[in-house]
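**Q** Structure for this input, please:
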Amino acid sequence: MTFINIIIPFIILISVVVFVHEYGHYYYARKYGVKVTDFSIGFGRELFGWNDKNGTRWKVCLIPLGGYVKFYGDANSASQPEKTSSFSKKNQKYLLATKKLYQRAIIVSAGPIANFVLALVIFSFIYMTVGKDFSVPIIQDVKIDSPAYKAGLKKNDQIVAINDTKISSITEVSQFIALSETHLIKITVLRDKKEYDFKVQSITQETKDNLGNNINRKMIGIQIIPLNNEINRQRLGPAKAIYYSLKEIWFTISTTMSYLGKMIIGTEKADQLGGPIKIAQISGQVAQVGIIPFLSIMAYISISLGLINLFPIPLLDGGHLVFYFYEFVRGKPLSEKMQTYFFKFGLFVLFALMFFSTYNDLKGLGLF
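**A** As a prediction, this is how the structure comes out:
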């Protein structure tokens, strides 16, 4: 795969996801009368841009690893405010800091919400046009002496549930096994028209995902095929498409939070965290497969961006929401001095996370 085949899909994916996120902030800022001075896709030196009639500078910058909306009165692109008193009475009405608390909270949270909406639109579009997989999973083979073999699973068993969660498609089998909270997995199968429960002690092995990337995954030693070797992909109506899209978004959020929680307490390794290099590699690979896989990856990246921005880290949207919650409880905002300290701490955390994720990316490429 050439550099161009990687970088162009990556720039397209990141630009769309970031634009939607920042436009969420921009739209509600304008709605509540906050002046927006900059709308940037990327960081660093400006490549090109233009000014609109409202005085906003729309620009594309050199480093395509994010973007920002800068409000009037912000000291920097992270929306750290300057002192309100340094502005005239006439201009104070354009400041984010002078707006009602609920308006500020909506403006800040609109970015992550826009990312979730983008994922909803993409998934719904795919389910209505291409369809959603509802293939019935059947065990084709059980490896000798594997966890599934020792537990009693057999060829031709139909998997109907994993950890008491109903299986609605063949793709969910590997997902639910890989994302199980524990290594002891309850698998319910249909055999001779009767349901049986089996407790399978999974093992972790290094394997390759569908794109050829090395990953650690829980395995039980079975091969799955659709019933009668027939893929059952159904096109959904708008209501069902939205329902399953919301379900997929929630599943992605909950499993991500579960993984992060287990990583923090030390029960999961942190080597699966990826950064921009991994995203670029994956986006380039799926772009060659087709537009639908590329859109799917865009939806998952959009969910991840929205979720990460809600983390209570200063400089991120979640950090601002924590400040607003403090203001709601105490009846007054956090002091400018304390906000500055928290912003510096947030900058350190973000740089540390970026360094760690980039290290994982390079390690995955065999450079460490």
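
**Q** any low-confidence regions in the stretch 251-368 of the chain?
**A** Along the stretch 251-368 of the chain, segments meeting pLDDT under 70 span 266-287, 289, 354-368.

**Q** ok, which stretches of it are helices?
**A** For the stretch 251-368 of the chain, applying DSSP state H, counting those that start in this stretch gives helices covering 276-289, 291-309, 317-330, 336-364.

**Q** now for the strand or helix carrying Ile6, which elements pack on it?
**A** Using DSSP states H and E, Ile6 falls within helix 3-31. On a contact count with 3 or more Cβ pairs under 8 Å, 6 or more residues apart in numbering; DSSP states H and E, helix 3-31 meets strand 36-51, strand 57-71, helix 101-129, helix 276-289, helix 291-309. Every C-beta, even on glycine, is put in place using the N, C-alpha and C of the backbone.

**Q** mind listing what's buried in the first one?
**A** Buried residues in strand 36-51, counting neighbours by 16 or more other Cβ atoms under 10 Å, are found at 36-42.

**Q** for the last one, same thing?
**A** Using 16+ other Cβ under 10 Å as the burial criterion, the residues of helix 291-309 that qualify are 293-309.

**Q** rewinding a little: output the buried residues of strand 36-51 in JSON lines, with pLDDT and distance to Phe328 appended to each entry.
**A** JSON lines is the format used below for those (pLDDT from 0 to 100; distance: Cβ to Cβ, whole Å):
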{"residue": "Val36", "pLDDT": "94", "distance to Phe328": "25"}
{"residue": "Thr37", "pLDDT": "93", "distance to Phe328": "27"}
{"residue": "Asp38", "pLDDT": "93", "distance to Phe328": "28"}
{"residue": "Phe39", "pLDDT": "96", "distance to Phe328": "28"}
{"residue": "Ser40", "pLDDT": "95", "distance to Phe328": "30"}
{"residue": "Ile41", "pLDDT": "94", "distance to Phe328": "33"}
{"residue": "Gly42", "pLDDT": "92", "distance to Phe328": "34"}
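
**Q** Now render these as TSV, adding distance to Gly131.
**A** As requested, these are exported to TSV (distance: Cβ to Cβ, whole Å):
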residue	distance to Gly131
Val36	40
Thr37	45
Asp38	42
Phe39	37
Ser40	38
Ile41	33
Gly42	36
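
**Q** now, which of those sits nearest Thr252?
**A** Distance to Thr252, by Cβ to Cβ, is smallest for Ile41 among the buried residues of strand 36-51, at 24.3 Å.

**Q** Hmm, Leu65 and the closest one touching each other?
**A** No. Counting by Cβ atoms under 8 Å, Ile41 sits too far from Leu65 to count as a contact (10.3 Å).

**Q** The helices and strands packed on helix 3-31: which one's closest to Val329?
**A** For Val329, the closest of the helices and strands packed on helix 3-31 is helix 101-129, at 11.0 Å, according to Cβ to Cβ.

**Q** follow-up on the earlier one: what's the closest of the helices and strands packed on helix 3-31 to Phe342?
**A** helix 101-129 (14.9 Å).
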